[in-house]
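In: Starting from these lines, generate the structure:
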Amino acid sequence: MNLSDFDFDLPEDRIALRPARPRDSARLLHVGADGALSDRGVLDLPELLMPGDLLVFNDTRVIPAALEGVRPARAVGGGGPAHIEINLHKRESEAVWRAFARPAKRLREGDTLAFEGGLGAVVEGKTDGGEVTLRFDRAGPALDRAIVEAGAPPLPPYIASKRKPDAADLEDYQTIYAAPDKTGSVAAPTAGLHFTDRLMEALRLRGVKSAQVTLHVGAGTFLPVKTENVAEHTMHSEWYEIGEEAAQAIAETRAAGGRIIAVGTTSLRTLESAAGEDGTIRAGSAETAIFITPGYRFKLVDGLMTNFHLPKSTLFMLVSALAGLDTMQAAYAYAIAQGYRFFSYGDSSLIWRAE
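Out: Numbering: from 1, shown residues only. Sure, this is the predicted structure:
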């Protein structure tokens, strides 16, 4: 497969800079297993599902991973003070994070960075791709508290390049079911941003069940694919966990003939990473770098609720694997023509696995 197979033209005005208000008032494009398209709303979700179906949510909680720091003037080797934007993306230890830096060319190993609230870090490593390894001057819960104080919601580049994060994003960029003890994502599982208490209650009354898994989303989810041969792309790994209760709910749903619907690509990647070839799933935790492209054989997931993704992205490749590339190209062309709002704060879709 070539990267160009997953390209499409998206007008700038289709990129949502703010979410729908209320959250559940967003539009939803229903993509049937036969490729049929219909315009619905997120509040229609209960009637699009059946009693006994299982929605699987990612209950990870987003940290304020966007930091603005200053690299002081260097005493040796020259270079005046530099303003550096940092996006944390993977914790390596109690005091060490991997991060993307901009402009990375202003940093070298051994540089120090000063952040708001007195937080400091040393650059311990740097790669050609703008990634740095930072050792902070505190560790564990003390570092967590300092990041909360100094950081801002880690809005994706296509929003952050157009406006600064503000107080509204603190709530908007967090799902209502994010668990306080599951903090660790540096990007939101955005399909879940559409859910409200009233939608959850409507789903419960419909007889739709729910389960929670955890995948800590890394900033690598926003990295573009740079290889024309898609198979040569390397995914960043992310940590996931499936508890005993979720594993049991999945097993019971399958045994009863119900469908498994992932809320978001992160939930789908978690389930497909943990599932055996026969679709059975066991509780546990691991790292995953699963890369799902057309031709992949799904082991567990029947449907996916997800937002609209970037052209040539690994996530557009994933939905194309689920429903078929032709179907998703047609669905996205339709969504663009009909004025659907794209990306993290945009509208939603419910996609069924191709027949």
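In: Low-confidence stretches in the chain?
Out: Along the chain, segments meeting pLDDT under 70 span 75-78, 220-222.
In: Centre-most residue in it?
Out: Pro189 (4.1 Å; Cα atoms, centre = their mean).
In: Please report phi then psi for that one.
Out: Main-chain dihedrals, Pro189, degrees, to the nearest 10: phi -80, psi 90.
In: Make 7 the starting number, not 1.
Out: Yes, from this point I'll number from 7; that puts the last item at Pro195.
In: Isn't it up against Thr66?
Out: Yes - Pro195 is within contact range of Thr66, at 6.3 Å (criterion: Cβ atoms under 8 Å). C-beta coordinates here come from the backbone N, C-alpha and C atoms, glycine included.
In: Mind listing the shared neighbours of these two?
Out: Common contacts of Pro195 and Thr66 (Cβ atoms under 8 Å, 6 or more residues apart in numbering): Leu221, Val223, Thr272.
In: can you map out the helices along the chain?
Out: All helices of the chain, identified by DSSP state H, fall at 51-54, 146-156, 163-166, 173-178, 203-212, 250-261, 271-280, 320-329, 331-343.
In: so which of these comes closest to Arg114?
Out: Among the helices of the chain, the nearest to Arg114 by Cβ to Cβ is helix 146-156 (22.5 Å).
In: and Ala337, how many neighbours?
Out: 24 (other Cβ atoms under 10 Å).
In: Give me the nearest residue to it, chain neighbours excluded.
Out: Val37 (5.2 Å; Cβ to Cβ, 6 or more residues apart in numbering).
In: now Pro186
Out: Arg67 (6.5 Å).
In: quick one: that neighbour and Gly136, what's the gap?
Out: Distance, Arg67 to Gly136, by Cβ to Cβ, to the nearest Å: 26 Å.
In: about what we covered before: does the residue nearest to Pro186 touch Thr189 like I think?
Out: Yes - using Cβ under 8 Å, Arg67 makes contact with Thr189 at a distance of 4.2 Å.
In: Settle it for me: which of the two has more neighbours?
Out: The neighbour comparison of Arg67 against Thr189 (other Cβ under 10 Å) goes to Arg67, with 18 against 14.
In: Give the buried residues for stretch 140-152.
Out: Leu140, Arg141, Phe142, Asp143, Arg144, Leu149, Asp150, Ala152 (16 or more other Cβ atoms under 10 Å).
In: Quote the end-to-end distance of it.
Out: Length of stretch 140-152, first residue to last, Cα to Cα, to the nearest Å: 14 Å.
In: same question, stretch 93-103
Out: 10 Å.
In: Next, the residues that contact that stretch from outside, please.
Out: With Cβ under 8 Å, 6+ apart, stretch 93-103 has contacts from 69, 71-73, 104-108, 130, 139-142, 144-146, 149, 153, 157, 160, 190, 192, 224-226, 242.
In: redo that, cut-off 6 Å
Out: 71-72, 104-106, 140-142, 145-146, 160, 192, 224-225 (Cβ atoms under 6 Å, 6 or more residues apart in numbering).
In: nearest to Ala295, of those residues?
Out: Closest to Ala295, out of all of the contacts of stretch 93-103 and judged by Cβ to Cβ, is Gly224, at 10.2 Å.
In: wouldn't the closest one be in contact with Ser243 here?
Out: No - between Gly224 and Ser243 no contact is recorded; they are 7.8 Å apart, counting by Cβ atoms under 6 Å.
In: Among the two, which residue is more densely surrounded?
Out: Gly224 (24 against 14).
In: quick one: that one and Ser191, what's the gap?
Out: Between Gly224 and Ser191 the computed distance is 8 Å (Cβ to Cβ).
In: Same list, the helices of the chain, but as a markdown table with distance to Arg20 please.
Out: As requested, the helices of the chain are arranged in a markdown table below (distance: least, Cβ to Cβ, whole Å):
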| stretch | distance to Arg20 |
| --- | --- |
| helix 51-54 | 22 |
| helix 146-156 | 33 |
| helix 163-166 | 11 |
| helix 173-178 | 19 |
| helix 203-212 | 24 |
| helix 250-261 | 35 |
| helix 271-280 | 19 |
| helix 320-329 | 14 |
| helix 331-343 | 6 |
